[in-house]
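Participant: Pasting the sequence and the predicted coordinates here, then a few questions.
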Amino acid sequence: MLRIHFTPDDLARIRVASTPDPLWETAFSLHRLQTTQGRWAYADWHHSTRATLTGTRLGAAVRGLLIPVLPRARYWPDFLTPAECADGLEAGLTAVRDTPPERVVHEMNLLARCCGAPDWAPGLAERDPREDLVRILRAYHDAVVAPHQDRMCESLAGERVLLARSTLNGGVGGLLAGLSPAMRWCPPVLHVDYVEDRDLYLGGRGLRLVPSYFCWKAPVSLADGTLRPVLVYPLHGARLPAPALPDAALSALLGRTRAAALRAVALGMTTSELARFLGVSPATATHHTTVLRDAGLSTSRRLQNSVLHTLTPLGAAMLRRPSTAERAEATVSGDF
């Protein structure tokens with residue numbers, strides 16, 4: 001159990017990531033390659049990633065360098081997921097490159113004690129090997145994570161809608177109480193199901209919440225409690241394949257009213273709000289949301305006395321107009 005202790009100042013300094021964190025997503029995506037748990041939820045990503053890496057120099061570098069220092073284990077080095085990555089991949093990679101050598105040695109020793117580390121790991125304290133690590137992290141992110149950026153952003157946008165509703169309805173306490181089934185808010189402590197038993201005292205530093213697309217089930221925090229506090233946790237809702245569908249086809253596919261319902265829940269709507277928006281009864285609105293949810297296009301979550309409906313990545317992708325390149329590719333593919 002991880003117990004995160006808040007002061008009044010910490011409650012005023014909670015922040016939620018507005019974009020996917022590139023290095024946290026990189027780390028968790030590597031974990032998805034190391035286990036069969038949750039593979040169904042990332043089946044399309046897993047298939048394309050295997051095809052991208054198999055038999056390539058990048059694939060060999062991932063197996064030989066990245067996975068050994070980012071294992072799916074109870075510990076991996078904190079310096080590989082720096083706070084600077086909130087400002088983008090390049091800022092994060094610069095922070096990795098500029099990590100003080102003594103910190104690299106310390107964290108690699110922790111890795112060796114906790115779950116084993118390769119003999120060459122302490123050598124990352126030297127500048128040149130760390131440059132190689134940064135280069136491979138960038139190449140892996142560009143090849144495996146970046147192509148799914150739109151889907152990740154759509155998922156995060158839906159999550160922020162849920163969190164905003166929770167905060168508006170229940171204040172900061174409502175926000176913390178509704179983060180995840182793996183967390184319980186017992187003021188002033190957030191109890192998190194965790195791989196070890198420890199306490200994190202925020203001490204007025206606040207907390208950065210990072211909803212993650214590739215994080216599976218268990219929330220994760222930094223091992224070093226003196227670093228800028230962060231809590232990474234899985235996004236709500238399903239992670240499904242997301243083929244783009246031209247907007248003009250929605251009404252023909254779903255029917256006019258249900259297509260309007262899909263567009264409406266993109267902004268996050270309760271059942272009663274959706275009924276008023278569509279001009280139908282609450283029972284009819286419930287029927288439409290049930291169909292959308294069963295098709296994997298929306299997700300529903302109870303908030304006190306109402307049910308909030310938001311899009312899944314698949315539902316968001318159906319509303320996204322395909323790019324010119326995507327339309328051209330679809331046209332070419334249709335010839336076969």
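Facilitator: Arrived safely.
Participant: Tell me which other helices or strands the longest helix anywhere in the chain touches.
Facilitator: Longest helix in the chain by number of residues, with DSSP state H as the criterion: helix 149-177. When contacts are defined as 3 or more CB pairs under 8 Å, 6 or more residues apart in numbering; DSSP states H and E, helix 149-177 packs onto strand 14-16, strand 183-186, strand 207-212, strand 298-303, strand 306-311, helix 313-319. Any C-beta I mention is one placed from the backbone N, CA and C, and that applies to glycine too.
Participant: partners of the fourth one, with directions?
Facilitator: Pairing partners of strand 298-303, with direction, according to DSSP bridges: strand 306-311 (antiparallel).
Participant: Buried residues, the partner strand. List them.
Facilitator: Buried residues in strand 306-311, counted by 16 or more other CB atoms under 10 Å: 307, 308, 309, 310, 311.
Participant: Over to stretch 170-184?
Facilitator: For stretch 170-184, a neighbour-count test (16+ other CB under 10 Å) marks 170, 172, 174, 175, 176, 177, 178, 179, 180, 183 as buried.
Participant: ditto for stretch 11-26
Facilitator: Using 16+ other CB under 10 Å as the test for burial, stretch 11-26 gives 11, 13, 14, 16, 17, 20, 21, 22, 23, 24, 25, 26.
Participant: Stretch 193-213 too?
Facilitator: Applying 16+ other CB under 10 Å to stretch 193-213 flags 194, 200, 202, 206, 207, 208, 209, 210, 211, 212, 213 as buried.
Participant: okay if I get those as TSV plus pLDDT?
Facilitator: Output for the buried residues of stretch 193-213, formatted as TSV (pLDDT from 0 to 100):
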residue	pLDDT
194	92
200	96
202	97
206	96
207	97
208	97
209	96
210	96
211	94
212	94
213	91
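Participant: contacting residues for residue 21?
Facilitator: 81, 85, 86, 92, 210, 212, 232 (CB atoms under 8 Å, 6 or more residues apart in numbering).
Participant: Residue 10 versus the third one, what's the distance?
Facilitator: Here the criterion is CB to CB, to the nearest Å. By it, residue 86 lies 18 Å from residue 10.
Participant: Look at residue 165 and report its pLDDT.
Facilitator: For residue 165, the pLDDT comes out at 82.
Participant: Please apply the same query to the one 3 residues further on.
Facilitator: Per-residue confidence at residue 168 stands at 86 (pLDDT).
Participant: returning to what we had before: please identify which of the buried residues of stretch 170-184 is nearest to residue 64.
Facilitator: Checking the buried residues of stretch 170-184 against residue 64 by CB to CB gives residue 180 as the nearest, at 34.1 Å.
Participant: Quick check: bridge partners of the residue nearest to the closest one when sequence neighbours are not counted?
Facilitator: Excluding the flanking residues, the one nearest residue 180 by CB to CB, 6 or more residues apart in numbering is residue 233, at 5.0 Å. Here residue 233 sits in beta bridges with residue 211, going by DSSP bridges.
Participant: doesn't residue 178 make contact with residue 233?
Facilitator: No. Applying CB atoms under 8 Å as the test, residue 233 and residue 178 come out as separate, 11.4 Å apart.
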